[in-house]
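Colleague: need a 3D model of the sequence below.
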Amino acid sequence: MSFEKLALIEPIRHALKDEGYETPTPIQAQAIPIVLQRKDLLGTAQTGTGKTAAFAIPILQLLHESNPNPKGRRFIQVLVLTPTRELAIQIAESFATYGKYLPIKHTVIFGGVSQAAQTTALRNGVEILVATPGRLLDLMHQRQVDLSSVNVFVLDEADRMLDMGFINDVKKVIEKLPPRKQTLFFSATMPPAVQKLADTLLNYPERVEITPPTVTADTVQQSIYFVDAQRKKNLLVYLLKNAQIQSALVFTRTKHGADKVVQELGKSGIYAQAIHGNKSQNNRQNALNNFKTGQIKVLVATDIAARGIDIDLLSHVINYELPNLPETYIHRIGRTGRAGQQGIALSFCDVEEKEYLKDIQKTIGRVLPVVSNHPFPMTIFDIKEKKANQRPEQRKSNNQRPAHKNGNSQGANSSGNGNNGGERKAQKPAHRGLGNKDKGVEKNIAKAPKTENSIFKGGNKE
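Modeller: Model prediction:
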């Protein structure tokens, strides 16, 4: 199917052609006709599936068809509620891209910055408002936002909204919306709390479910480095000093870890910046802009802060710390190798992350090639050996920590505006030990293809 077959109006088709879009993604092909029929929609889809266009394109068309030549005062007719500032900005940019040939105005509001420009845009009048919950409630309390004319409500990333503690804010916003409206509800997962919220919002919804990807794109060349945790910083510096890495998005599990990586790189003469939930909005946007424009070649990010980041021609993704969920790994490395371009994903694995690697390889259906000819090979191969090499006070400290299986992410750290959520722990059931039945990572290492200089010359692509 092509966009030409979706009964889109010419101004939108023109905008899509400008962007080189020809074939809709599965969620776009299914959701756009439903939204154009003004039906409620319950969509289950991950970030990166083209979800934003799936609701932005038909919403623009509905607005244009209902009022093709808006005159006089503009009222908010569409509200899009999303959990993070980065996603809010990306959604607003999508409305601008797809609606550039339409006389429809939109604006985006979020916390962490002055509200002056946002309130000015609201007073001038807009048809589409994209917002995060905290700043929206603040402006509603100040009587700067009137939602009485909303006829389309989009709740995006509902599971993330609840995970970040915004459920009460969301309910307060919903109470101010007109009872009769079209509601589009999107969530990557559908736990009971999210399903309950959907049931209270939607009227006889159509369902669109896009299965999360379990395989990685062929355009991304992947490899794994086995390295002790304390030597990861040395390996990262070693790799980044190779001039063939044009740009690198480095992932850590925690906000503190991201800052620490930036500091270590700075000591070695590599300037990098970090984005995470504790950074101000200006700092995050400056870091992202510096990375996109090439002023810095290394951006260090946590998973939540990186949601919605779309960077053209990103050459490398580096997993400084492996995620404890395979789906997160797929999402991370999907930041590179986009739009038909080639990308490279490098991952560091220490002794405590071997279980994560085993899960990742099982999910993606391949054994990652091992790069063995680097200067910092792993010297500690099992947990018992690691504990034996520790000083008594270190062993005591480790015994007091929460189990590593639950991840190292910090809890939410919301600002007063309620939309500066930090990273939460991702829960995962405890793993079984490495056994013969699962052919543990040690056996996979022996079977994996070894690459010599794959990170720079392409290596052995699976």
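
Colleague: so who does L162 touch?
Modeller: Contact analysis of L162 by CB atoms under 8 Å, 6 or more residues apart in numbering lists A193, V194, L197. The way it works is simple: take the backbone N, C-alpha and C, and place the C-beta from them, glycine included.

Colleague: helix or strand for the first one, which one?
Modeller: I take that to be A193. Using DSSP states H and E, A193 maps to helix 192-201.

Colleague: run through who's touching that helix.
Modeller: Taking contacts as CB under 8 Å, 6+ apart, the residues outside helix 192-201 that touch it are 42, 153, 155, 158-159, 162, 167, 170, 174, 183, 185, 187, 190, 205.

Colleague: tell me which helix or strand comes right after it.
Modeller: Downstream of helix 192-201 (by DSSP H and E), the next one is strand 206-209.

Colleague: return the distance of the helix or strand following that following strand from the chain's centre.
Modeller: Scanning forward in sequence from strand 206-209 by DSSP H and E, the next helix or strand is strand 220-226. Relative to its chain's centre, strand 220-226 lies at 21 Å (CA atoms, centre = their mean, to the nearest Å).

Colleague: check stretch 181-195 too.
Modeller: Taking mean C-alpha positions (CA atoms, centre = their mean), stretch 181-195 and its chain are 18 Å apart.

Colleague: next: stretch 163-177.
Modeller: If you compare the mean C-alpha spot of stretch 163-177 with that of the full chain, they lie 21 Å apart, counting by CA atoms, centre = their mean.

Colleague: what strands line up against the helix or strand where T183 lies, and which way round?
Modeller: For T183, the element it lies in under DSSP H and E is strand 182-187. The pairing partners recorded for strand 182-187 under DSSP bridges are strand 41-44 (parallel), strand 152-155 (parallel).

Colleague: what's the average pLDDT for the next helix or strand after the last one?
Modeller: Yep, that's strand 152-155 we're talking about. Of the helices and strands lying after strand 152-155 in sequence (DSSP H and E), the nearest is helix 158-163. The pLDDT scores in helix 158-163 average 84.

Colleague: on that earlier part again, got a ChimeraX select line for the buried ones in the contacts of helix 192-201?
Modeller: Remark: buried members of these, expressed as a ChimeraX selection using 16 or more other CB atoms under 10 Å:
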select :42,153,155,158,159,162,167,170,174,183,185,187,205
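
Colleague: pick out the most distant pair among the contacts of helix 192-201.
Modeller: The largest separation in the contacts of helix 192-201, counting by CB to CB, is between I167 and P205 at 19.7 Å.

Colleague: so which residues of the stretch 201-350 of the chain form strands?
Modeller: For the stretch 201-350 of the chain, the strands defined by DSSP state E, counting those that start in this stretch occupy 206-209, 220-226, 248-251, 273-275, 298-301, 316-319, 343-349.

Colleague: returning to that earlier point: the strands paired with strand 182-187: which one's closest to I224?
Modeller: strand 41-44 (30.7 Å).

Colleague: can I get the closest one as PDB, trimmed to CA atoms?
Modeller: Output of strand 41-44 as PDB, limited to C-alpha atoms (Å, rounded to 0.1, in the frame of the first residue of the first chain):
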ATOM      1  CA  LEU A  41      -8.700   4.200  18.500                       C
ATOM      2  CA  LEU A  42      -6.800   1.900  20.900                       C
ATOM      3  CA  GLY A  43      -3.300   1.500  19.500                       C
ATOM      4  CA  THR A  44      -0.500  -0.700  20.900                       C
END
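
Colleague: I'd like to check what contacts that strand. Which residues are they?
Modeller: Taking CB under 8 Å, 6+ apart as the rule, strand 41-44 contacts 27, 31, 34-35, 51, 54-55, 183-190, 198, 202, 205-210.

Colleague: could you dump the strands of the stretch 201-350 of the chain to a markdown table with mean neighbour count, mean pLDDT and distance to D359?
Modeller: Below are the strands of the stretch 201-350 of the chain laid out as a markdown table (neighbours: other CB atoms under 10 Å; pLDDT from 0 to 100; distance: least, CB to CB, whole Å):
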| stretch | mean neighbour count | mean pLDDT | distance to D359 |
| --- | --- | --- | --- |
| strand 206-209 | 15 | 93 | 23 |
| strand 220-226 | 24 | 94 | 13 |
| strand 248-251 | 25 | 94 | 16 |
| strand 273-275 | 24 | 92 | 26 |
| strand 298-301 | 26 | 94 | 22 |
| strand 316-319 | 26 | 95 | 14 |
| strand 343-349 | 24 | 94 | 12 |
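
Colleague: what comes up buried for stretch 276-295?
Modeller: H276, G277, N278, K279, Q281, R284, Q285, A287, L288, N290, F291, K292.

Colleague: that one: how far from the chain's middle?
Modeller: Put simply, stretch 276-295 sits 15 Å off its chain's centre (CA atoms, centre = their mean).

Colleague: for that stretch, give the mean pLDDT please.
Modeller: pLDDT averaged over stretch 276-295 gives 83.

Colleague: and the chain, what are its domains?
Modeller: 3-209, 220-457 (automatic domain parsing).

Colleague: compare the ones you listed and say which comes out lowest on pLDDT.
Modeller: Here those differ in mean pLDDT, and the lowest is domain 220-457 at a mean of 74.

Colleague: from memory V227 sits against F376, does it?
Modeller: Yes - counting by CB atoms under 8 Å, V227 touches F376, with 5.3 Å between them.

Colleague: which residues are in contact with both of these two?
Modeller: With CB under 8 Å, 6+ apart as the test, V227 and F376 both reach L235.

Colleague: more crowded one of the two?
Modeller: Using other CB atoms under 10 Å, the more surrounded residue of V227 and F376 is V227, with 24 against 19.

Colleague: contact partners for that one?
Modeller: Neighbours of V227 in contact, by CB under 8 Å, 6+ apart: L235, F348, C349, D350, H374, F376, P377, M378.

Colleague: equivalent analysis for E22, please.
Modeller: S2, F3.

Colleague: what is the three-state secondary structure of it?
Modeller: Taken by DSSP: H, G, I helix; E, B strand; the rest coil, the conformation at E22 corresponds to coil.
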